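Trainee: Below is the sequence, then the predicted model.
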Amino acid sequence: MTKKKSKKQNTNDLHPVPAFITAHPWITIIIVILIGSAMVVTDAFLGIDLDTTIKNFVVRSGDTANQVEGILTAIEDEVYFDKVTWDSSNDVQVQQTQVSGYIQLYYECIDCDNLITSEQLERIYNFEQKIINDEDYTKYCLKSTTGDCYPGSTITSFFYQDGKQVEDIEASANVLYNYPGRTSTYLRDERCDTGFDDVDFKSKYVSSIYYFGFPLEDHENVNDEIDEQNDKLEEWVTDLIPDLADDAKEDDFEIIYLGNGVMSMAIIDIVIHDIGLLGCSIAFVWLYTRFHTRSSLLTTLGLLHVLLSLPMSYFVYTVIFSVEITSILNCLTLFIILGIGCDDIFIVLDHWKQSKIREEKISKNIYTRMNWTWKESATTMLITTCTASGAFFGNIASTIPPIRYFGIFTGFAIIFNYLLVITWFPAIIVLWHRKGEKSIIYDFHTADKLSKLFRIIFKKKSKEENHSKKENQEFQDLELKDQKKSKKKSKKKSKEETSETSETSDTKSVSSTRSGSDHRDVEAIQTKANRSKKAKSNQGVDIDQLRPFEKYFYSMHAPFVRKFRYVIIVVFVAMAVVFSIQASKLESADEATNLFPDDHFLYRSQEVANYFEANNYLPNSYFQWGIKSLDREGVDPLAVEHLGKVIYNDDWKPNLKSSQEWVIEFCERARAEFDGSIFREGQGNCFMEDFRDWVTDEALAGGTYTFPVEEDEFQPLLNSFTNWARGAIVAAEVVNAQMSLPTSYENAIGFDRDTGELKYYAVEFNMEMSNTATALKQREFFDEIEEFLDTINKEAPEGMDMASTVSWSWMEMLTDETLISVALGTIFVSVGVAYLIIVISTDNIISSFFAILAISGVVVTIVGMMVSIGWKLELVTSVCLTVIVGISVDYVVHFCHAYTISSKDTSFAKLRDAMTNLGISVTAAAVTTLISTFIMFFNWSPFFTKFGLFIWMTIISSALWSFFFFFTLLLYGPTGDTGKLSLYFKRAFMKKSYQKYLEEKKNKQMENQNDEQDSDSEDDDVSTDSKHLDSENFVDIETMPHPEELPKKSKKSKKSTKSNKKKKKKDSDDRKDDSVSSNNTRDTSSNSVSSSTEDSSSD
C-alpha cells in the first residue's frame, strides 16, 4: 500500500500523458501496434494502384478543361464511330476488328548513316518475322472481317515481296519516293527520317508499326471487361518485345520501341529501382542515428515508427478521401518523412538526455524526467508539425489532382509521425532506461568506440570552461595557502602560550586584514559554493556534462555570432537581394517533364521520333458543338479512365438546314480570320464541307441528295459518311493503299452507343504554333480565338450559338499557368500560416517576425538557386516550390520556440540557451536528411534526382539561415514581456486582468530586489565579474562575463604585472612580520574581532 501511494504521489503533479506512458510503456506500445496493424491490413486488402502515366498532371477544373476532357470522355466511353464491324442488335463486335493498340518500332544505325541497304533491311526483316511468328501473335493482331491478320505497316513491306527482298534497293526506293498517292507519303514521312530524299535515298532511322485489335477472344466488344483485355495485351507485348529487342541489339544497331504497356512497364521498373534505393537510404540513416543515439534499440524502433506513419497516412488517403490511385509524386513522401521523423527522434532523445543534468525537480526520477522531456519536446514538435503539415495541406488548393493529393498524403504522414513520436517513442525510451539504457538487441560497440574517439580527437576546451576551471583552481590554491599559514601562525601562538580560541581568532583576524592581497578569503569561497547550489537550482549549465557539440554551441558558436553580427547581417541581406533578382527571372519550361534518363529507351524513342516528318505535327484546335461540360462528382480525380459524366447541350439543334449551312460559313470565316496567323494556311478539316461533297455524289452516297439535306435524313446520312471515311482510312493504313482518301472524322463526330443519336461534332484547324510552345504563346492564341467566338456566336442561328474551342494545347496552357499560380500562392499562404502558428505558439510577435524573415530568406535563396542552375517552371519545379516552406520551417521554428521559453534574462543568454539545448538535435536532423536524400542522386528518373537536389539545397540553406542570420536577429530578440501578444490583448480588452498582472509583476520585482540586497550584504567583498560556481563547474551564463569582455594583456604588460606581483609579495611578507610582532599588544582587540566573525559565520 505504501509503495502504491508513493507512486501515485510521484505522478500527482505530472502531465497525464507522459505519466501514463512512463507507468505503462507496454500498454502504450500494444495500443499503437494494434491501431497501426489494423491500418496496414486495410491497406494491404485495398492494394496500391500506382499511376504510371503523367496524364493526370493537368488541370481538372474550369469550363475549358471540362470541355476538353468532355470530348475525350465522349470519345472513349459514350459514343461510337464505326458500324462496319458493329452488330447493333446484340452489341457484339467481330473479334479483333477494332484498332485498340499498337507497337511502334524505331531502328537506329549507330555507326552508319543508312539503313536502306540490303544487309540492314535483312536484319530488320528477320526481327519482324520473330514478332509475327510468335505463337500468340494471332490472338492480338488487328484482323479483317474474314479473320486474317493485317500485315504491319513496316519499312520492309516496301522492299519485300512474298518474303523475298527486291534485287535493287536504291532503284525501288527511287520508284517509291516518286510514286503518286499515299505510298510515297508513308515512305518519306512515316517510315524514313527527314534525311531521306531523292538524291541518295539514305535514312539513318527507319520505323515500323503493328496494330492490335479488340475485342479479344471470349469478349463481346471493346468495352467488355476493357481492363482485362488491356492487361492481356500489355502482358504479351512487354514479355515479347523487350527480349527480342535486346537479342537483336548489336554495337552498330539498336531497336527502340513504344506501345501498349511499354510506358507502364518502364515507369514501374524505374519506381521499383528508385524506391529500392530507399533501403540504402534507410540503412545510412540507421547507421548515423545509431551513432548519435548509441543504441540499436532506440534507432531501430524509432525509425520503425517513422516508416509506420506512411501506411497510416495511406489509410486516410484511400479510406477517408476515397482515392484509389496513387500518384508517383507520393513516392517522394518516403524521403521527406525520413528527414522530419529523424528530426523529431533527436529532439525527444536529446531532451531526455538533458533532463538528467537539470535541476533536482526535473532529474529527480524517471517520472519527472519524462514529464519534462515530453512537455518540452511535444510542444516544439507540435509547432513544426503544424507548420510543415500546414504547408503541405496548402496544396489542396491545387486544381492538378496529383499535386493536391500528394499534399494530403504527406501532410497526414507528418501528423501521424508526430502522434507516434509522442507516444510510441517515449514508451521505448522508458523501456530502454529500465534496461540500464542499454540496447535490448545487439549493440554495435564500434559506434560507441568511434564516438569516444571523436570526442577525444575533437574535444577542445572552451574559453569559458578554461576560465572557470582556472578560477576554481585559484580558489583551491588560496584555501590551501591559508591553511598552511594558519598552521604556521598557530605554532607561533602556541609558543607564546595563547589559548586555542585566541590563536584561531588571530588567524581569522590576519585573514580578514588582507585587503591588499591578490586572493579572497575562505568565507568568500564558501559563499560562492552556496551560490553555485542556487545557480544549479536555477538551471545553470554544467559544462563538464555537456556533449562536444553542445559545448561548441555554448562556448564557440554563440560568441562568434555575437562578435560578427554586423558582418553576418550584411552578408545574408546581400545574398537575399542577389537571389531575389534571380528568382524574379523564373519562367515556364518549353518542354514537358522528363521522367526518364537520357540513355533510357523511352527517352530515346521520343528523341528519335522527332527525326520523322510525320511526328513534327502542329497542335490542333477544334470548334465543337454539343458538349456543355463534364460532371466530375463522385469520380476519383486520379482515375484517367473515368473522368466523369459528359453533360450534353440540350439546346443544340444540328439537324436544321440553317445549322448545316452555318457550319460551312463558320469554317470560311475562321479561315478568313486566322489563316496565316493563328491557323496554318490551307490546312484544316471541316467535316461539313466533305459531307456536302459526299452527299451530292450519287455514287458515294448511294442516292440523289441535295445540300443541305432534310432534317430527318441528316443524322442517318452523316452516320453513313463517317463509317465510309473511317473504313477507307483503316484499310489504307494497314495495307498502304495507293489512293488519296478524305480525313477520318472518328474524333470529330460522335453518336450515342445505344440510341445512335448524334451527340456532338467539331471542325478542326492546325494552329501556326509549335507543339512545344510556351504557356504565354498558347495564351495569346487562346485569347484571340475566344474573342472570335464571342463575336460569331452572337450571329449564329438558333441552336448553334454555343461553339467553343477545344485543344490539348489549352490544357497544357492552363496546367502551366496553374503550376505558376499555385506554386507562388502556396508559398505565400504557407508563410502566412507558419507566422500565425509561430505567433500563437510562442505568444511573441517579435521573435515570430524574426523567424518569418529567416524563412523568407530560405525561400528566396532556394528559388534564386533554382534559376541560377537553369531550372524552369515545370512539374517537378512546381512541386518543389509548393513544399519549400513545409521543409524549410523546422529549424527556425525549433530555435524560435526554444528562445521564447528560455528563462534567461538577456537576449544573448536566451540565445545561447536555445543553441545549447537544440543545436545538436537540429544538426543531427540536417545530417540525416542529407544522408537520406543523397541516395536520390543515384536514381534513374530525373524526376527523383531533381527533387533530391532540391532537398539538399533546402536543408543547407535552412541550416545557414538558422544558425547564422536567425541567431543574429535573436541577439536583439525580446526579453521579459516585450512583444508578448497576450499582454497586448489583455491591455486592449481585459483591463482588469492587465492591472492585476502589473501588480503581481511589481510585487515580484520588489521581492527580487530584497533578495538581491540580502545577498549583496552577505558577500559585498565578492565582485560580480567572477560569479562562478563551485568545483563542479556550474556557471551562471546570464551574468558571467564573456572572455572577449575581459581586458587583454600585452606581453609587456604581463612582464610588468609579474614584477609587481613579486614586489607586492615582498611587502606583504614584511607587513606580516610586523603584524606578528605586534600581535601580543592587540590580543584583546583580536578576540573581539574573532568573536564577531564567528557569529557572522554561524548566521
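Mentor: Yes, it's here.

Trainee: Could you point out the longest helix of the chain?
Mentor: Across the chain, the longest stretch assigned as helix under DSSP state H is helix 808-842.

Trainee: Give me the angle between whichever helix or strand comes after it and helix 808-842.
Mentor: The element immediately downstream of helix 808-842 (helix or strand, assigned by DSSP states H and E) is helix 845-868. Using axes from the mean of the first three to the mean of the last three CA atoms, to 10 degrees, the direction of helix 845-868 lies 150 degrees away from that of helix 808-842.

Trainee: how about helix 845-868: buried residues?
Mentor: 845-867 (16 or more other CB atoms under 10 Å). Using the backbone N, CA and C atoms, a C-beta is placed for each residue, glycine as well.

Trainee: same thing with stretch 756-772?
Mentor: For stretch 756-772, the neighbour count (16+ other CB under 10 Å) marks 758-769, 771 as buried.

Trainee: By pLDDT, give me the weakest of these.
Mentor: Within the buried residues of stretch 756-772, the minimum per-residue pLDDT falls on residue 771 (71).

Trainee: In terms of helices and strands, where is it?
Mentor: Using DSSP H and E, residue 771 falls outside every helix and strand.

Trainee: what's the answer for residue 393, then?
Mentor: Following DSSP H and E, one finds residue 393 within helix 366-393.

Trainee: can you give me the angle that helix makes with helix 845-868?
Mentor: 50 degrees.

Trainee: Confirm residue 206 sits in a helix?
Mentor: No. Using DSSP: H, G, I helix; E, B strand; the rest coil, the assignment for residue 206 is strand, not a helix.

Trainee: give the contact list for the closest residue to it other than its chain neighbours.
Mentor: Using CB to CB, 6 or more residues apart in numbering and skipping residues adjacent in sequence, the residue nearest residue 206 is residue 155, 4.4 Å away. Applying CB atoms under 8 Å, 6 or more residues apart in numbering to residue 155 gives the contacts 107, 115, 121, 124, 191-192, 206-208.

Trainee: Quick one: the strands in the stretch 601-750 of the chain, in order.
Mentor: Taking DSSP state E, counting those that start in this stretch to define them, one finds strands in the stretch 601-750 of the chain at 620-625, 627-631, 645-648, 749-752.

Trainee: chain center to the longest one: distance?
Mentor: Which is strand 620-625. Centroid displacement of strand 620-625 relative to its chain, using CA atoms, centre = their mean, to the nearest Å, is 39 Å.

Trainee: Now do the buried residues in the longest helix of the chain.
Mentor: 808-820, 822-824, 826-827, 829-831, 833-835, 837-839, 841-842.

Trainee: what do you get for stretch 709-727?
Mentor: Across stretch 709-727, burial judged by 16+ other CB under 10 Å covers 709, 714-715, 717-726.

Trainee: just stretch 188-205 next, same as before
Mentor: Across stretch 188-205, burial judged by 16+ other CB under 10 Å covers 188-193, 196, 201-205.

Trainee: Now render those as a markdown table, adding pLDDT, secondary structure and distance to residue 973.
Mentor: Listed next are these as a markdown table, based on pLDDT from 0 to 100; DSSP: H, G, I helix; E, B strand; the rest coil; distance: CB to CB, whole Å:
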| residue | pLDDT | secondary structure | distance to residue 973 |
| --- | --- | --- | --- |
| 188 | 81 | helix | 74 |
| 189 | 81 | helix | 70 |
| 190 | 83 | helix | 70 |
| 191 | 86 | helix | 73 |
| 192 | 88 | strand | 72 |
| 193 | 87 | coil | 67 |
| 196 | 85 | coil | 73 |
| 201 | 82 | coil | 79 |
| 202 | 86 | coil | 74 |
| 203 | 88 | coil | 72 |
| 204 | 89 | coil | 68 |
| 205 | 91 | strand | 66 |
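
Trainee: circling back: using PDB, list the CA coordinates for the helix or strand just after the helix holding residue 393.
Mentor: The helix or strand immediately downstream of helix 366-393 is helix 401-421, counting by DSSP H and E. Taking Å, rounded to 0.1, in the frame of the first residue of the first chain, the C-alpha atoms of helix 401-421 are listed here in PDB:
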ATOM      1  CA  PRO A 401      -5.000  16.200 -58.700                       C
ATOM      2  CA  PRO A 402      -1.600  14.600 -58.200                       C
ATOM      3  CA  ILE A 403      -0.200  17.700 -56.500                       C
ATOM      4  CA  ARG A 404      -3.400  18.100 -54.400                       C
ATOM      5  CA  TYR A 405      -3.300  14.500 -53.100                       C
ATOM      6  CA  PHE A 406       0.400  14.500 -52.700                       C
ATOM      7  CA  GLY A 407      -0.100  17.400 -50.200                       C
ATOM      8  CA  ILE A 408      -2.800  15.500 -48.400                       C
ATOM      9  CA  PHE A 409      -0.800  12.200 -48.200                       C
ATOM     10  CA  THR A 410       2.400  13.900 -47.000                       C
ATOM     11  CA  GLY A 411       0.500  16.200 -44.600                       C
ATOM     12  CA  PHE A 412      -1.100  13.300 -42.800                       C
ATOM     13  CA  ALA A 413       2.200  11.300 -42.800                       C
ATOM     14  CA  ILE A 414       3.700  14.200 -40.800                       C
ATOM     15  CA  ILE A 415       0.800  14.300 -38.400                       C
ATOM     16  CA  PHE A 416       0.900  10.500 -37.800                       C
ATOM     17  CA  ASN A 417       4.700  10.700 -37.300                       C
ATOM     18  CA  TYR A 418       4.100  13.300 -34.600                       C
ATOM     19  CA  LEU A 419       1.500  11.200 -32.800                       C
ATOM     20  CA  LEU A 420       3.800   8.200 -32.800                       C
ATOM     21  CA  VAL A 421       6.900  10.200 -31.600                       C
END
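
Trainee: Okay, angle between helix 401-421 and helix 808-842 too, please.
Mentor: With the same axes, to 10 degrees as the basis, helix 401-421 and helix 808-842 are set at 20 degrees to each other.

Trainee: Give me the below-cutoff pLDDT ranges for the stretch 101-250 of the chain.
Mentor: 180-182 (pLDDT under 70).

Trainee: So which residues of it form helices?
Mentor: 118-132, 169-177, 182-185, 226-248 (DSSP state H, counting those that start in this stretch).

Trainee: and the last one, what does it pack onto?
Mentor: Translated: helix 226-248. Counting contacts by 3 or more CB pairs under 8 Å, 6 or more residues apart in numbering; DSSP states H and E, helix 226-248 packs against strand 98-109, helix 118-132, strand 205-214, strand 253-259, helix 262-293.

Trainee: Go again with 6 Å.
Mentor: strand 253-259 (3 or more CB pairs under 6 Å, 6 or more residues apart in numbering; DSSP states H and E).

Trainee: what packs against the strand it packs on?
Mentor: strand 98-109, helix 226-248, helix 601-609.

Trainee: closest one to residue 50 among those?
Mentor: Nearest to residue 50, of all the helices and strands packed on strand 253-259, is helix 226-248, at 14.4 Å by CB to CB.

Trainee: So which bits of that closest one are buried?
Mentor: Neighbour-count burial for helix 226-248 flags 226, 229-230, 232-234, 236-238, 240-242, 244-245, 248 (criterion: 16+ other CB under 10 Å).

Trainee: Give me the residues contacting it.
Mentor: Helix 226-248 has contacts (CB atoms under 6 Å, 6 or more residues apart in numbering) with 101, 103, 127, 130, 134, 136, 140, 212, 214, 216, 219, 255, 257, 259-261, 265.

Trainee: Pull out the buried residues from those.
Mentor: Buried among the contacts of helix 226-248 (16+ other CB under 10 Å): 101, 103, 127, 134, 140, 212, 214, 216, 219, 255, 257, 259-261, 265.

Trainee: Skipping its backbone neighbours, what lies nearest residue 317 in space?
Mentor: residue 409 (5.0 Å).
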